[in-house]
Each structure stands twice: as structure tokens, then as C-alpha cells.
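Trainee: Predicted model, plus sequence, below.
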Amino acid sequence: MHAAEEKILAHAIQEIRQLLSPYLGSENKGPLEVRVAAHLAYALHNEAIALIEGSNFDVEAALKKVVAIDNILNVQDGSRLARLISESSSQPYHKIVSCDTPENENILHLKVVATPYNDPVEFNTAEARAFAKTILDAVERIERKWK
């Protein structure tokens, strides 16, 4: 997401927080869905401020605050939203896998990276075999150079 888009959404969270603040609290008599929205906006308002200011925030800590809404209001909305966010962050990532043998060196340069979430790189068996073959081929090239 781009900074301008993040700021628009963050300002919206701040505005929603202010508009729905009368619905905060476990004893409030307002409609439950409005109370959930009020607590959600309140739970994430510091994170919204961080985005407005161009800072980062701890996603795990933010998700814990979202899940806490369930205990306050005796609902499952916070857990559902946290699960949805966690699942969306585990969407397919950009995978970088390379194997290089520098000229005149007896080493391999392996690069295995998953971005943007720093997730482990996953290989199915065919991909694992292909990467293993690439590595073994590079080892053979090195061994041939130094015989």
C-alpha cells in the first residue's frame, strides 16, 4: 500500500473513532455492531496515528488489541478480523531463489528470500528437486574448475 492510501485509511479510522466514541464500554446499550465498530476503531487508533506520522507499528500487538474486543463485548468479531488479517498476510509472496558460482572462487552463493513478509520459502517436491539439482550442478562446476 502507498503512503497516501495508508493515510486516508488511517484518518478514516481516527474519524470513526471520534464519531463512535459514545458507544465504547461493555455496559453501553447501543446496537452491538456499532459498539464493535467503536471498539475496533479505538483499538487501532494509535496504529492509525503511526501511519499518519509515517511510522511503523507492531502488527502482532495491534492484532492482540483487536482480539481483546471479543472479551469486552462477548463477541467473536475481533478474532475473526485478526484471523482474516493473518491469513491475508500469508498470501503468496515474492520468492527469490538463486545459486551462483563466482569465477575463481571455490564457493557457492545461495540466495533464498521470501518478501515482503520474511516468511520461509516454501518448495513443493518438484521445486525442491530442481533447486537441489541447481546446487549440485554448481558444485560440479566448482569441482571441475579446481581439478
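Mentor: Cool, the structure landed.
Trainee: sec struct for residue 96, please.
Mentor: At residue 96 the chain is in strand, as set by DSSP: H, G, I helix; E, B strand; the rest coil.
Trainee: Got phi/psi on residue 110?
Mentor: phi -100, psi 140 (degrees, to the nearest 10).
Trainee: all numbers from here: first residue = 55
Mentor: Sounds good: first residue 55 from here, last item residue 164.
Trainee: outside of the lengthiest helix in the chain, which residues touch it?
Mentor: In the chain, ranked by residue count with DSSP state H as the criterion, the top helix is helix 179-199. By Cβ atoms under 8 Å, 6 or more residues apart in numbering, the surrounding residues in contact with helix 179-199 are 151, 153, 154, 155, 160, 161, 162, 164, 177. (Each C-beta comes from the backbone N, C-alpha and C, glycine too.)
Trainee: just stretch 102-120 next, same as before
Mentor: The contact list for stretch 102-120 (Cβ under 8 Å, 6+ apart) reads 57, 60-61, 63-65, 67-68, 71, 94, 97-98, 100-101, 132, 135-136, 139-140, 143.
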